[in-house]
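Q: For reference, the sequence and a predicted model appear below.
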Amino acid sequence: MIDLNVLRENTDQVKKSLKNRGYELDVDFFHQLEQQRKDIQIKTQEIQQERNNLSKQIGILKAKGDDTEKIMQQVASISARTKDYEIQLQEVQQKLNNFLLNIPNLPHNSVPVGSNEKSNLLLKKIGDIPKFNFDVKDHVDLGNTLGLDFETATKISGSRFVFMKHDIARLHRAIGQFMIDTHVEKHNYIECYTPFLVNSESLLGTGQLPKFGHDLFLTKKTDNENLYLIPTSEVSLTNSVRDEILEEDSLPIRLTALTPCFRSEAGSYGRDTRGMIRQHQFDKVEMVQITKPEHSYKALDEMLSHAENILQALELPYQVVTLSSGDMGFAAAKTYDIEVWIPSQNQYREISSISNCEDFQARRLKSRYKNADGKNILVHTLNGSGLAVGRALVAIMENNQNAHGEVIIPKVLSKYMNGNKIITKAK
RNA sequence: GGAGAGCUGGCCGAGUGGUCGAAGGCACUUCCCUGCUAAGGAAGCAUACGGGUUUAAACCUGUAUCGAGGGUUCGAAUCCCUCGCUCUCCGCCA
């Protein structure tokens, strides 16, 4: 949620900034709502004050044993009107709130302006693209004999799922283990295990709701209550500080978790339908940091390096881009994407997305810390994949394949694979 | 699933219809005192959103908030209803 005061005072600037990311701010509607709110709020508060004062007098008179009949009648008529105003106020405040909840974050001024991914800024390319003296297979063909089973997954669940067996299943697990171990042991994150089902308040807090409910899986808890499957553990990790006033010296908080993520992919029919690039369920190691405002951009760069360390350890070629204003997610003020080389597609594909949300989520979450002056300051929240496990598996399989359709296990994963160095055909 | 108890400010905790946004304590901040490793004294100390005012901070003032939502009432932390959560006992269970 953007700052209401900023929106009031710099409306034109905000509108311009939002236009860069493809959001058209309805200024007239906003002013109209604000005016309404103001009028109703002032009237409501006036009448509440009157009622409260008179009611208080009744108490005083009664204590003295005086007659209160007349004044009680007077208040009764006021009370009836109060109710109407209170309802009106509630309605207009809800409208205003809804308006605010649907506005995306403002891009940081270092973000390249552009309407889509074509304007993303290439920061660096690391690692050499492998050359093969045979026809490369994609991970689906390789996986056929190694244990990636899409047909069984389709039978039991439908499209966009995978059933893994044998050493591929183990490699998949090894990748996740290695990533989270690295973040805990080398990057100073706290390992977390979180719920995969969360309430709507949590999704509102991180910004998936109210706008992007169509991408979420919804489950029924009771007749009155629903729970959502997390689309990323950013939701459960970041919401751990919802409604909290944190100690200043507890910051920064660094959290990481390896969890499945669930996405309905409602808007992407026909895209990446082959293989496991885009699934309804995939594992991801997530990094989350909660920082003081003045430290968040330093933390963003740190988190980028944390994710890069994983790719370098896995010896996968990748590039880093800064997303343009039009390509960023709803809550982000600045985002780096890391894209890993996928030989069969002859291109780099996103494997990590690292964002600074500044105070956009914190405002929704009411996550603050108390500073030395005793003031409550909204924290900054950051999140990043470190990394997507499924896509890492794809990248490893394809980049490390040999002419026999086997996959060389990255050195750092060997210890998670019972010391093995290669994955050969499953029996 | 059954029975019972509870949910109050950063924390603990008093408060069962009327100057209660809420005693007291802890923690914290500032000041005072004491020649000493700690004790005593004074004051301040919830959040959100309005209005006034100011260069601004501060300040003044109003409204709302005592798990959430609804109801009764002139008036609700206090009474009633629904829901959520926590705890204890029983049952079931990985």
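A: Ah, there it is. Residues are numbered from 1 along each chain as shown, chains lettered A, B, ... in the order given.

Q: Next, count neighbours for whichever residue of chain A sits closest to RNA strand B.
A: The shortest separation between chain A and RNA strand B is 2.7 Å, found at residue A:59 (distances taken as CB to the nearest atom of the strand). Yep, even glycine has a C-beta here, placed from its N, CA and C like the rest. Applying other CB atoms under 10 Å, we find 9 residues neighbouring residue A:59.

Q: could you say which helix or strand contains it?
A: Per DSSP states H and E: residue A:59 is located in helix A:27-64.

Q: which other helices and strands contact that helix?
A: Counting contacts by 3 or more CB pairs under 8 Å, 6 or more residues apart in numbering; DSSP states H and E, the secondary-structure elements packed against helix A:27-64 are helix A:11-19, helix A:69-101.

Q: For the stretch 301-427 of chain A, give me the ranges with low pLDDT.
A: A:427 (pLDDT under 70).

Q: do the same with the stretch 101-250 of chain A
A: Across the stretch 101-250 of chain A, the ranges flagged by pLDDT under 70 are A:223-224.

Q: in it, which spans are strands?
A: Per DSSP state E, counting those that start in this stretch, the stretch 101-250 of chain A has strands spanning A:121-126, A:148-149, A:163-164, A:190-192, A:197-198, A:218-220, A:226-229, A:245-247. These are given in chain order.

Q: Can you spell out which helices and strands pack onto the fourth one?
A: I take that to be strand A:190-192. Judged by 3+ CB pairs under 8 Å, 6+ apart, strand A:190-192 is in contact with helix A:166-185, strand A:253-262.

Q: Figure out which of the ones you listed is closest to residue A:99.
A: With respect to residue A:99, and counting by CB to CB, the nearest of the helices and strands packed on strand A:190-192 is strand A:253-262 at 29.1 Å.

Q: Can you give the strand pairings for the closest one, parallel or anti for each?
A: Counting by DSSP bridges, the strands paired with strand A:253-262 are strand A:190-192 (parallel), strand A:281-291 (antiparallel).

Q: Kindly compare burial across those strands and name the winner.
A: By mean neighbour count, with neighbours taken as mean count of other CB atoms under 10 Å, strand A:281-291 ranks first of those at a mean of 25.

Q: angle of that strand against helix A:166-185?
A: 0 degrees (axes from the mean of the first three to the mean of the last three CA atoms, to 10 degrees).

Q: what is the mean pLDDT for strand A:281-291?
A: The pLDDT scores in strand A:281-291 average 96.

Q: Tabulate the helices and strands packed on strand A:190-192 (JSON lines), appending distance to residue A:142 and mean neighbour count.
A: Formatted as JSON lines, those follow (distance: least, CB to CB, whole Å; neighbours: other CB atoms under 10 Å):
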{"stretch": "helix A:166-185", "distance to residue A:142": "9", "mean neighbour count": "20"}
{"stretch": "strand A:253-262", "distance to residue A:142": "23", "mean neighbour count": "22"}
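
Q: Around RNA strand B, which positions in chain A sit nearby?
A: Where proximity means CB under 7 Å from any atom of the strand, the interface of chain A facing RNA strand B comprises A:4, A:38, A:41-42, A:44-46, A:48-49, A:51-56, A:58-60, A:62-63, A:72, A:75-76, A:79, A:222, A:224-225, A:245, A:374-376.

Q: Can you turn the buried part of the residues you listed into a PyMOL selection?
A: Applying 16 or more other CB atoms under 10 Å to the residues of chain A next to RNA strand B, the buried members can be selected in PyMOL as follows:
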select buried, chain A and resi 44+48+51+54+75
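
Q: quick one, what contacts the closest residue to residue A:342 other than its chain neighbours?
A: Computed as CB to CB, 6 or more residues apart in numbering, the closest residue to residue A:342 that is not its neighbour in sequence is residue A:349, at 4.9 Å. For residue A:349, the contacting residues are A:277, A:339, A:340, A:342, A:391, taking CB atoms under 8 Å, 6 or more residues apart in numbering as the criterion.

Q: How about residue A:85?
A: With contacts defined as CB under 8 Å, 6+ apart, residue A:85 is in contact with A:40, A:43, A:44, A:47.

Q: Brilliant, that's me finished.
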